[in-house]
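> here is the input, now give the coordinates:
(2 chains)
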Number of protein chains: 2
Amino acid sequence: MKATILNVGTELLVGSTLNTHSYYLSQKLHEIGVGVLYHAVVGDNTTRLGEMIGYYYEASDLIIATGGLGPTEDDLTKEVFAEWFGVPLYFSEEIRADIEERFRGFGRPMTSNNLRQCYVPEGAEILWNENGTATGFILEKDGKIAVLLPGPPRELRPMFENQVMPWLRQRVSQVLTSRYFKIFGLGESSTEDKLSDLFSGQTNPTLATYAKTGEVLLRITASGASEAENLKLLEPVVEEIRRRIGDYIYAERDAELSEVLFDHLRDKGLKLALAESCTGGMMADMLVAHSGVSEVFGVSVVAYDNAIKTSVLGVPAETLETFGAVSEETAKAMSEGIAKISGAALSIAVTGIAGPEGGSPEKPVGLVYMDLYNANSGEHRTFKQIFTGNRERVRMGSAMKAFYEAIQWLKVETF
Amino acid sequence: MKATILNVGTELLVGSTLNTHSYYLSQKLHEIGVGVLYHAVVGDNTTRLGEMIGYYYEASDLIIATGGLGPTEDDLTKEVFAEWFGVPLYFSEEIRADIEERFRGFGRPMTSNNLRQCYVPEGAEILWNENGTATGFILEKDGKIAVLLPGPPRELRPMFENQVMPWLRQRVSQVLTSRYFKIFGLGESSTEDKLSDLFSGQTNPTLATYAKTGEVLLRITASGASEAENLKLLEPVVEEIRRRIGDYIYAERDAELSEVLFDHLRDKGLKLALAESCTGGMMADMLVAHSGVSEVFGVSVVAYDNAIKTSVLGVPAETLETFGAVSEETAKAMSEGIAKISGAALSIAVTGIAGPEGGSPEKPVGLVYMDLYNANSGEHRTFKQIFTGNRERVRMGSAMKAFYEAIQWLKVETF
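Numbers count the residues shown, from 1 in each chain, chains lettered A, B, ... in the order given. I've put the predicted structure just below:
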């Protein structure tokens, strides 16, 4: 099955919004064995949208369209697709009831605009929206399929994963089985260099690498008649990958560092505490993103100000004066300080120069100290690194490096 | 002039690479008054690339193509465009000399692969590359223009800004002028409801609304012969927008809440401190994203654990016992506590149930208390809200609401 991803929205054409949908949907389609031939973006314009549908209807089997399902006048996607598929729209009382219910939840009346969202192309499968009023649709005609999805990512993604992917999986005859590796500290091209000979000269299984911020996701996919058959193909390759780059693998699933760290802490019944300077709450935020994290995490002191490093975390004023806020000594005093406040077995402190201001010849922008402290043994592990890139890259890189090193330590230490 | 941005590269279609080129180029083209009608992405495939060029050659005046100018076999862009424009390729000794010079700089010989990069479509303008061996090209024929750019961003961007933009500016007669509004607390469709009559029945200026997480960006654009002429069109509309929805406008530019809050604090010479429970460092992180924020922000205590609310922030144990961690009383004690620690004039405390676990009939998931405290006057402003949506939405909504209310307070209060 060959697909086109068609994003509808003038905001993409004027550069107001970065197109993350085509990236996300390409990955997901690839995962289930649907090849993507084209991406296309068109504005909220009936004529041009119709022409695009016409072109890509011929050129592919499946069009995944995003956006233009909202309640406003320039939301046209559903109407134009219905016209192209030659079906009328009918008014759905079921959708109306659903939207009204939603508005009752908000404590305000449904606007008349939203009535537009109650129309359904005849014969279409309705995709219910967990997080908004725009339902999606699957249309099918003469072996061509169109899937219409709402624009907001938090509406599109669950709808695609929970409703569209299972639907598509049934249409794709091959069974795909994938294994994932998350890699930190080895770049995308180095990863490929180390593994490409395993995949050259054959097409099953395949290797795909995805560069994420500061890390790499590796996917190995086998395709065959059954899961069991695929596993036989995957196992020797997976073994060899572990042998070659095992040191860089922090998870054998598509999980974030913060999730993996959470799991390790929970498994060991340990608490973590944070003292953040340049990361400025980012590490705490990454952890608190996960429900139930209170089991392993109770406090971060974001001590952006030096006075707070002293008054709250107890970093001696002399340490700050002698070595500066960005130093191994200050990082260690911060991690010990937060350990004392929290009683946590493991604490992490990060202090650095995120830039673009504040660098000096001795302490350039990007210089960061990350200290991990085991309060039970009194042992420190300190990491110094000069990160490149902008402020966000430096801050994100520091947070990730600290989490990665904490995972590595938890793997080998009982605490 | 109407443009298509055509990205060539299989890595985009399989979701290995996020397409930032179309975003960047759209912004830049819009800046100089070139409207973008389409984005398209096609793989490294001669036939499909040729078909794409054919379609968009007819549908637009200008094609900006990126990628596929490298030295390897799957780099085909130049060849296929030359064929479409009906011109042969010639070998350029000038480019060969340039590439050889570059390789001398690396201290290694030029590979024979690179000879492919010395061919030029006849009649094309050569765009020299500061950061790589792939030259770009401008082709022109029968009023149609094609601009070919190399794929790596650090090669593409300077080439586009220094060579292509000046070339295009000379061809575009219209000037575009835009005004931006950032709106909080009023949804996208409600915003349009309140304003659409201002724009119906005419096409200059135009209104565009963009729903961001929890907020709306509004852009009003006038097009004319000069900036002065455009401003005359914009002014009455801008005035009327302020009159109608001024209460929801928190900035008259495309800025985040955290930036606008930072500006207000700096203008008044005030310090802000945070005490975060369910936001878990997110508010601090949003502020620390901005360089120079230490001028107005020094500390956030992420007190995810109740014991920390007491031991660090000084929330009385009885308050927690009597009213619970998620209560107005606890929120007020948290904001007063962090004010005492920091000496900040303004403090914000947020405590709530982010879910999906932890709700009860009296205190459902999504219930959040946000307290703002003026340490100089002793005055509190407390906001209670039940947010809908997932954990991220509840947390993000709380952070944004608290920032928005802080901005509103700073607008009217001297502190």
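> how far away is residue A:141 from chain B?
23 Å (Cβ to the nearest Cβ, to the nearest Å). (C-beta placed from N, C-alpha, C; glycine too.)
> is the longest helix anywhere in chain A positioned near chain B?
The residue-count maximum for a helix in chain A (DSSP state H) belongs to helix A:391-412. Yes - contact of helix A:391-412 with chain B is found when judged by Cβ under 8 Å from any Cβ of the partner chain, involving A:391-392, A:395.
> buried subset of those?
A:391, A:395 (16 or more other Cβ atoms under 10 Å in any protein chain shown).
> avg pLDDT for the helix or strand harbouring residue A:90?
Assigned by DSSP states H and E, residue A:90 belongs to strand A:89-91. The average of the pLDDT scores along strand A:89-91 is 97.
> tell me the helix or strand right after that strand.
helix A:93-106.
> can you give me the strands in the stretch 301-415 of chain A?
With DSSP state E, counting those that start in this stretch as the criterion, the stretch 301-415 of chain A has strands at A:346-352, A:367-374, A:379-386.
> then the stretch 101-250 of chain A?
All strands of the stretch 101-250 of chain A, identified by DSSP E, counting those that start in this stretch, fall at A:119-121, A:125-127, A:136-141, A:144-149, A:175-184, A:206-212, A:215-224, A:249-251.
> now for the helix or strand containing residue A:284, which elements pack on it?
For residue A:284, the element it lies in under DSSP H and E is helix A:282-288. Identification of packing neighbours for helix A:282-288 by 3 or more Cβ pairs under 8 Å, 6 or more residues apart in numbering or on different chains; DSSP states H and E yields helix A:257-268, strand A:272-276, strand A:297-303, helix A:391-412, helix B:282-288.
> repeat that with 6 Å
Contacts defined by 3 or more Cβ pairs under 6 Å, 6 or more residues apart in numbering or on different chains; DSSP states H and E place helix A:282-288 against strand A:272-276, helix A:391-412, helix B:282-288.
> so what's the residue of chain A most remote from its centre scoring on pLDDT?
Taking Cα atoms, centre = their mean as the measure, the residue most remote from the mean C-alpha position of chain A is residue A:318, 42.1 Å away. Per-residue confidence at residue A:318 stands at 98 (pLDDT).
> same thing with residue A:113?
Residue A:113 carries a pLDDT score of 85 in this model.
> distance of it from residue B:189?
Remark: distance between residue A:113 and residue B:189 (Cβ to Cβ, to the nearest Å) = 5 Å.
> who touches both of the two?
Shared contacts of residue A:113 and residue B:189, defined by Cβ atoms under 6 Å, 6 or more residues apart in numbering or on different chains, comprise residue A:71.
> higher neighbour count, those two?
Higher neighbour count among residue A:113 and residue B:189: residue B:189, with 23 against 18, using other Cβ atoms under 10 Å in any protein chain shown.
> which of the helices and strands packed on helix A:282-288 sits most buried?
strand A:272-276 (a mean of 31; mean count of other Cβ atoms under 10 Å in any protein chain shown).
> what mean pLDDT does that strand get?
98.
> sheet partners, orientation included, of that strand?
If you go by DSSP bridges, strand A:272-276 pairs up with strand A:297-303 (parallel), strand A:346-352 (parallel).
> neighbouring contacts of it?
A:265, A:283-284, A:296-297, A:299-302, A:313, A:334, A:338, A:342, A:344, A:346-350.
> equivalent analysis for stretch A:9-24, please.
With Cβ under 6 Å, 6+ apart, stretch A:9-24 has contacts from A:5, A:7, A:39, A:41, A:43-44, A:66-67, B:15, B:18-19, B:23, B:26-27, B:30, B:36, B:210.
> could you rerun that using 7 Å?
By Cβ atoms under 7 Å, 6 or more residues apart in numbering or on different chains, the residues outside stretch A:9-24 that reach it are A:5, A:7, A:39, A:41, A:43-44, A:66-68, A:151, A:153, A:156-157, B:15, B:18-20, B:22-23, B:26-27, B:30, B:36-37, B:39, B:208, B:210.
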